[in-house]
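> Please find the sequence and the predicted model below.
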Number of protein chains: 8
Amino acid sequence: MKEILQKLVDGKISLQEAEKMLKTSHIDELEDFAKLDTARHLRTGIPEVIFAENKENDDLIKIILHCAHMGHVMVTRLNAERYALIRPELDSIKENGFNFEYNKKARILVIKNHEIEKNGKIGILTAGTSDIPVAEEAKITAEEMGCEVLTAYDAGVAGMHRLFPPLKRMLQEDIKVLIVVAGMEGALPSVVAGLVDVPVIGVPTSVGYGVGEGGFTALFAMLQSCAPGIAVVNIDNGFGAGVFAAKLTKQTFKD
Amino acid sequence: MKEILQKLVDGKISLQEAEKMLKTSHIDELEDFAKLDTARHLRTGIPEVIFAENKENDDLIKIILHCAHMGHVMVTRLNAERYALIRPELDSIKENGFNFEYNKKARILVIKNHEIEKNGKIGILTAGTSDIPVAEEAKITAEEMGCEVLTAYDAGVAGMHRLFPPLKRMLQEDIKVLIVVAGMEGALPSVVAGLVDVPVIGVPTSVGYGVGEGGFTALFAMLQSCAPGIAVVNIDNGFGAGVFAAKLTKQTFKD
Amino acid sequence: MKEILQKLVDGKISLQEAEKMLKTSHIDELEDFAKLDTARHLRTGIPEVIFAENKENDDLIKIILHCAHMGHVMVTRLNAERYALIRPELDSIKENGFNFEYNKKARILVIKNHEIEKNGKIGILTAGTSDIPVAEEAKITAEEMGCEVLTAYDAGVAGMHRLFPPLKRMLQEDIKVLIVVAGMEGALPSVVAGLVDVPVIGVPTSVGYGVGEGGFTALFAMLQSCAPGIAVVNIDNGFGAGVFAAKLTKQTFKD
Amino acid sequence: MKEILQKLVDGKISLQEAEKMLKTSHIDELEDFAKLDTARHLRTGIPEVIFAENKENDDLIKIILHCAHMGHVMVTRLNAERYALIRPELDSIKENGFNFEYNKKARILVIKNHEIEKNGKIGILTAGTSDIPVAEEAKITAEEMGCEVLTAYDAGVAGMHRLFPPLKRMLQEDIKVLIVVAGMEGALPSVVAGLVDVPVIGVPTSVGYGVGEGGFTALFAMLQSCAPGIAVVNIDNGFGAGVFAAKLTKQTFKD
Amino acid sequence: MKEILQKLVDGKISLQEAEKMLKTSHIDELEDFAKLDTARHLRTGIPEVIFAENKENDDLIKIILHCAHMGHVMVTRLNAERYALIRPELDSIKENGFNFEYNKKARILVIKNHEIEKNGKIGILTAGTSDIPVAEEAKITAEEMGCEVLTAYDAGVAGMHRLFPPLKRMLQEDIKVLIVVAGMEGALPSVVAGLVDVPVIGVPTSVGYGVGEGGFTALFAMLQSCAPGIAVVNIDNGFGAGVFAAKLTKQTFKD
Amino acid sequence: MKEILQKLVDGKISLQEAEKMLKTSHIDELEDFAKLDTARHLRTGIPEVIFAENKENDDLIKIILHCAHMGHVMVTRLNAERYALIRPELDSIKENGFNFEYNKKARILVIKNHEIEKNGKIGILTAGTSDIPVAEEAKITAEEMGCEVLTAYDAGVAGMHRLFPPLKRMLQEDIKVLIVVAGMEGALPSVVAGLVDVPVIGVPTSVGYGVGEGGFTALFAMLQSCAPGIAVVNIDNGFGAGVFAAKLTKQTFKD
Amino acid sequence: MKEILQKLVDGKISLQEAEKMLKTSHIDELEDFAKLDTARHLRTGIPEVIFAENKENDDLIKIILHCAHMGHVMVTRLNAERYALIRPELDSIKENGFNFEYNKKARILVIKNHEIEKNGKIGILTAGTSDIPVAEEAKITAEEMGCEVLTAYDAGVAGMHRLFPPLKRMLQEDIKVLIVVAGMEGALPSVVAGLVDVPVIGVPTSVGYGVGEGGFTALFAMLQSCAPGIAVVNIDNGFGAGVFAAKLTKQTFKD
Amino acid sequence: MKEILQKLVDGKISLQEAEKMLKTSHIDELEDFAKLDTARHLRTGIPEVIFAENKENDDLIKIILHCAHMGHVMVTRLNAERYALIRPELDSIKENGFNFEYNKKARILVIKNHEIEKNGKIGILTAGTSDIPVAEEAKITAEEMGCEVLTAYDAGVAGMHRLFPPLKRMLQEDIKVLIVVAGMEGALPSVVAGLVDVPVIGVPTSVGYGVGEGGFTALFAMLQSCAPGIAVVNIDNGFGAGVFAAKLTKQTFKD
């Protein structure tokens, strides 16, 4: 900015030119900022992620084809019918040596040309069987970001005896963080956080009816937990929980 | 009712007197509706109850004086400051041999001229210490309606080991119903209903903050419980829970 | 715990071993806890219940086949189309002498190999004809848990004269508890609780439109009733009301 | 408009002037519209009404002094403390022969220099004693607009026998419309509309707690009533109900 | 009651029998109440009304066939596809001399064997063209209950000049009440109530998107109107507005 | 308007003709109100706009045919399937020399017989690719009302470096106003308003899930922005944002 | 970034050093960004603004003293009592030649040492007298940012004749934008936007009760307006409306 | 369980005794569970925490005195007035060598008799100055649980240049996790999570007005963030964020 003003003082540029230059000068620096883009993959450690919902098929295919060259792509919220529909359009990638892994429950397609190295373990619990798809989304996400994942499904508070054996195993395996997925009244994270000393990430699901419809009851119960040490992600956001858990785990292996 | 009929059979009262004493809700006999009132106490087994909130002091005093002759009156939601204020105006009742019992936590004043006979036990649990006033309201109410009450406070899910000893004791004492009072995320009734086979009445409290403010999170969590066999009353409605529990207990002693 | 520490003091285990053992010791005790599982059926008196909604057909069939050997299974929220679809897959159970009873309105399939003994009566009222499916869900549930059930449908406050004859009959038959099912403005439980001295369980339904859509108006009206002695379950939760009523009734026959 | 164009054609005004004049011409005609103002009092039959809430004392006094000369002024939502405060400032009106009537429950001050002629009767019911202030607001309003008003307070559904005598009397007195004021679950209008054939105006009040706090439960219950023939006003809006009832009554005396 | 007590005194019934009989005696008197039922049609002046939504086709047909003998039946919320489906099942009624009138926009089927006499006029306005179905429901309802109906559609505040001509005509025709139907921001009733002195019934519709979706914005705007003299019915409740308007109109012709 | 006046001055049209062409909203001239309609286009500078949603196909076609003679018609919220369906019915217009432009993303059909003159530039940004349809609706709308539009899509806060280059370009092109379209957490308008000094119009979209479903989170975030200088339109209301921006732009060219 | 990598290649820095440098390099560029700060006042044309609410008195005084040297400071949401309290602490500024202007209704304190030049006019309307404080906040804000402001208060839809004269005057004075402030049902912006062709900024206020309490009804009504060309700010956000209007006005004077 | 059954088989206990023993046997095991209690402090690494809100002074003092012997107590949500009030009652602890640290902004009292060892760093950012109390609560909590804390306050998106320098410093200091505190529109966590690769914990505050009142807008914006890797705690829950961050940090130092 000083330079511009100096030029103005020196009469090398007019006042109007200076004004225009000053007006956009703070944006100019962001041209460099843009170069950071290619580093994003390294910086955040997240594979290129494409959220399939709310995108039309044509657009979705184009974006996948465009991103594939990054070497590691995850397409989330892609149900089986839709995957079957767009699959043939992605042949060119497959021919180029990329591997396709589609997980129906998680509704995730992974495209990659290399194996992911695993560091550190996390645990994932669900309260009921209906919460499994969200848990699977978290699992695939965390695995693709380098975590080893231990799971135990259908271990809710209505039958708490089923909860303890897997919990014990996970602690023995030295998990760094525990993702707890629950719909309905969302009580499981509170109960778990009262029993263990690893951080708990609550994932409310939209499983419920009446006052529980949409998942807000589970969400609010987790946020309002009387057991401290719980942080929460959006309803059905298995992906976000997986990313957060992976970021946490990375911190523990940084030094 | 049996007593009145016995008196009639014994010739201690005339048929007309008996009729007067046993009023029922007949639309045509509208002029007698006040007398019907006296039968209400017998019909529903609830002492005359006066909800102090939303009533002005003058009106409140008048109503209490009017009802006192019923022999058994409960004034609910009457805080200590207010009780101190209206207490002197109620001296005439006291002089007439009525007993006053004021419970500060429960915010209930009981006025009666006889002891209440107790039949059947109920249990009351709270998740935290802040839930105690609501629990006390339920306790006094149930006691005044003839229940013996066992209580255990501050036994929430964040420290579940504190929950089990009192629960065991209550089951051994053969309680007929269990009132569980909880604010925050309201998870305690779900956990308890998964462990016991007596019916559980959930009482959400307005204890909470942020998403839990006002008690809706606790209320919805109880309604949406994954453990069946829970029924719920309004937020902070210790009185309603006490009445419901007493009515239940009475059913078990009817035959 | 003392033992572990003693071993440590005695040098029989290393500090690291002790730490690891202590860390999971409170979970260890729950291995025993798990054995209680087989007693659950006896403990709560509820047949094995499978909630069909939110489960995929394949999973649902597997769970039913797995649970059938318990001798008494209820599948709830199973609509007729879906039942027709999975019915053929359940033939093996039928051949093993199990009986199938499917109630279309209640959307419940009952599978059992013995008759249920009935003790104690409950009543079920609905405000309108659209509330009947929820009432039927409560009825089948309570019957399968050992209650005799009296019903009266379409007796709402807009035509209150239709309410009184069945109410009278129910009281004469000495019901222990009254389930009142209502959508729209949910006023029926309040009116009924003002007339009878048995406990009233309110079941709000999602029947309604505009401000009543989803059933919250009915739910809140029941919770906020001016007539004490009402407890409420989740919207459309006929199953929960049935379980609660059956648990209550059992209490009255325990001694 | 023709005149403007003529002037333009005649060269008396420039094209720019004509454009500006035309642009606002459709507003000009509303000057005439404004003359309707003085007729408003006659047209709608409502005394000049001043809503005291949200106005500062200074402003409120100025407005009252300004409106007094209309001969008939109502100040609503004016509590007793505030009335005492501003009363001295209104002496000049009193000296001019105006009469002051302040109703503490209704929180209404009426200032007038003539008697109001009464035509047609309306009825007002309340469910509880806490609903009386709103009912009184409706009563004063309707009376000041020319209605004769019959009232019966504390006649809610929890003790329905108290409802029938006043209802019978009101129908015998040939009321044209019935205002039913209720908080809590707001069931009374539904019950009443199922029993009578005069139109029912429901007035929800903010009396309630928990899910009923603020009056939305009562409001929604009235809107969602299963008994047709109910229309509803805003929560605590006794004034609006009174105006609506008075307008209705006027229609019946127009011919 | 006297008889029961006499029998007891005379030893014709036991004390236990007397207790049971007395307990239900207040319900007995309602048998008489039930006789009012046949008079209901006359009392409320509403044709037998059947709400088709939430009823299954089989049940719906049975109810229609059952009610037809009343001479005047309205089936509401019956869309064209469904009407086509059940129409053949109703042939028996048609052969018995009943007339069928189906209004597609209003989704109402009227079955009757006589003409309805008309007394008194009402007006119906809509803000937009999308509000017409609700307005037509109100119109058919009011007509079947004996009103003459004037309508003007698509006269909302965004083009207020279209509002005035029909409003002027309606006032000249001496309507007794004005139904104003509006979705979106629901401002039309406020504007109209500021201009006319007949009572205004606001009918919010579910026409809207974003914050207006579902019709709550329109509903709340009408309830919170700054223009007094508006009463409101449930969202999309054209039927209720029609009933209310017809009840009002009847009052004006009673004397 | 100037043109009409000029024609009058030039004697090309009579004073009467001019008057007819320049109708304004006069309540007294109610018979002419249809003619007033033709002036609307001039008065507000908006092409005749038809909102397709909530209208049946038959009605929609009729309205389009009726409006076409205005010379410039926009049909909004018309999806591709529906356009294909009604397209053949509009042939008569096409034959009369009108041009059809259908934008699939924006879901807008434009029918016109002349080109629109452009004055002044506006910018449109979106946070994600799913927000593009709403942005396109705003773009077409603003263009049809005379704006030149610069766009940059998918420039949200999760990858802010992509935001700056287009922002710089827009400022250099001297846009008068910036429309920022965002769903999810709706943070982009806040960030942008902190960087630029042109007014920002926030358009929340319904893109989101869980707590973000329906767009309320984005809407409220924009309204509650800590950066002043943002005004907001309804969720998904690209049309409204386009109209508002065009009206603003016109103000800058008025003098 | 290239430089760092080059250095690394050249062996001038270690890999660890390079990694650390790269990791924060995109933040480094923002050091320059910070220098833009001093230009902010010029860039956005907003005086330094301090929001007094939620700040403690000590902090508030410190911030004001710190900002005063900018020459032009606005303190918003500062009520009279509080101003009186902190006023003495600001004496040092006053002695330095700064002028203090405190507007009680607007709750704004302006401190400046020069006059503000005015360019362009805007109009401000309110629906009621209770909306005036919010309007005054908008007025002071716009004036301090260089607008000339025309106002007309208490011109709501319940008495629309009062609306037209000031509206006419404002259009004649050639306002560039119109701020319309309304609580209750918030209908005024819709009505105004249907009559004028300047952009309308709706400001909902929290004036209302029952369903209108808090201002959401007014807010939603404005957002859902059927009249296009309205943009809206947060409830009671007169400040934001003033800033937005001033930014708009500046655009019209830029060229 | 087997033992009990064996005893029964052996005739050592009666069937009734066996039943009773079985009924509570699963609770018996929890007696041992209770012994874990004393280990809780070690297990979770949290000092004994007392939430002062919703507790009466007498109760609060008793609990503090009782807990003090643990050696490390935190009393949260204890405002300065209240602290002054109860301070004298705690003298006995002070005399016993305990140290008192009261932080007024954080509203936290720490009582301890030893220094806390610090391992690992975390960062805390706030968007505005009003968010500082919540940030301080998080800071004290994390420090007491063994974290070193770096803070930067008032770095919100409206002036983003202030954000970067502290962010850079924190990354260079190698923080393990970043707590971001924001009210209003809650956009800061999204922006930050897009720039850094440490996990971000969002803490919404109740700072806001209108649509932002209570903090729900900030909460939902954080949950619905388009930048993955954010987890969220309850509104104003600085304590919970501190605990969660400390638990995370401990994981990184465990091995």
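Perfect, thanks for sending it. Numbers count the residues shown, from 1 in each chain, chains lettered A, B, ... in the order given.
> and the residue of the stretch 51-200 of chain A nearest chain F?
Residue nearest to chain F within the stretch 51-200 of chain A (Cβ to the nearest Cβ): A:N54, separated by 3.8 Å. For every residue, glycine as well, the C-beta is placed using N, CA and C.
> How much space separates A:C147 from C:I93?
41 Å (Cβ to Cβ, to the nearest Å).
> Need the phi and psi values for A:I140.
phi -60, psi -40 (degrees, to the nearest 10).
> show me the residues around A:G208 that make contact.
A:G183, A:M184, A:G214, A:G215, A:T217, A:A218, B:Q224 (Cβ atoms under 8 Å, 6 or more residues apart in numbering or on different chains).
> Which members of the residues you listed occur in helices, if any?
Among the contacts of A:G208, the residues falling in helices (DSSP state H) are A:T217, A:A218.
> got a pLDDT number for the residue of the stretch 1-150 of chain A found nearest chain E?
Residue nearest to chain E within the stretch 1-150 of chain A (Cβ to the nearest Cβ): A:N54, separated by 16.5 Å. pLDDT for A:N54: 82.
> Quick check, it in contact with F:I132.
No - counting by Cβ atoms under 8 Å, A:N54 does not reach F:I132; the two are 10.0 Å apart.
> returning to what we had before: and the nearest residue to the residue of the stretch 51-200 of chain A closest to chain F once chain neighbours are set aside, how close does it get to chain G?
Using Cβ to Cβ, 6 or more residues apart in numbering or on different chains and skipping the chain neighbours, the partner closest in space to A:N54 is F:S130 (3.8 Å). F:S130 is 21 Å from chain G, where distance means Cβ to the nearest Cβ, to the nearest Å.
> Quick check: residues of the stretch 51-200 of chain A near chain B?
A:127-128, A:156-160, A:184-187, A:190-191, A:193-195 (Cβ under 8 Å from any Cβ of the partner chain).
> So which of the residues you listed reach chain F?
When contact is defined as Cβ under 8 Å from any Cβ, those do not meet chain F at all.
> Ranking by neighbours, what's the top pick from the residues you listed?
For those, counting by other Cβ atoms under 10 Å in any protein chain shown, the largest number of neighbours falls to A:G186: 41 neighbours.
> and stretch A:54-67, how far out from the chain's middle?
Offset of stretch A:54-67 from its chain centre (Cα atoms, centre = their mean, to the nearest Å): 19 Å.
> buried set for it?
In terms of neighbour count (16 or more other Cβ atoms under 10 Å in any protein chain shown), stretch A:54-67 has its buried residues at A:N54, A:K55, A:L60, A:I61, A:I63, A:I64, A:C67.
> which other residues reach it?
With contacts defined as Cβ under 8 Å, 6+ apart, stretch A:54-67 is touched by A:48, A:50, A:52, A:73, A:75, A:82, A:85-86, A:89-90, A:92-93, A:111, F:129-130, F:207.
> picking up where we left off before, in helices only, show me the residues of the stretch 51-200 of chain A next to chain B.
Cross-referencing those against helices under DSSP H gives A:S190, A:V191, A:A193.
> Nearest residue to the second one in space, ignoring adjacent ones along the chain?
Closest residue to A:V191 apart from its sequence neighbours, by Cβ to Cβ, 6+ apart: B:V157 at 5.2 Å.
> Over to the first one?
Of all residues not flanking A:S190 in the chain, A:S225 sits nearest, at 4.3 Å (Cβ to Cβ, 6+ apart).
> quick one: terminal-to-terminal distance for stretch A:218-227?
15 Å (Cα to Cα, to the nearest Å).
> That one: how far from the chain's middle?
From the chain centre to the centre of stretch A:218-227 is a distance of 21 Å (Cα atoms, centre = their mean).
> list the helices and strands the longest helix anywhere in chain A packs on?
Identified as the longest helix of chain A according to DSSP H is helix A:238-253. In terms of contacts (3 or more Cβ pairs under 8 Å, 6 or more residues apart in numbering or on different chains; DSSP states H and E), helix A:238-253 is packed against strand A:121-126, helix A:132-144, strand A:178-182, strand A:200-204, strand H:230-232, helix H:238-253.
> Is it possible to get CSV of those that adds mean pLDDT?
What follows is these, written out as CSV (pLDDT from 0 to 100):
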stretch, mean pLDDT
strand A:121-126, 96
helix A:132-144, 96
strand A:178-182, 97
strand A:200-204, 97
strand H:230-232, 96
helix H:238-253, 89
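> Tell me which of the ones you listed sits nearest to B:A241.
For B:A241, the closest of these is strand A:178-182, at 26.2 Å, according to Cβ to Cβ.
> Can you tell me the strand partners of the closest one and which way each runs?
Pairing partners of strand A:178-182, with direction, according to DSSP bridges: strand A:121-126 (parallel), strand A:200-204 (parallel).
> What's the separation between the closest residue to A:R162 other than its chain neighbours and F:H66?
Once flanking residues are discounted, A:R162 sits nearest to A:A155: 4.8 Å by Cβ to Cβ, 6+ apart. According to Cβ to Cβ, A:A155 and F:H66 sit 64 Å apart.
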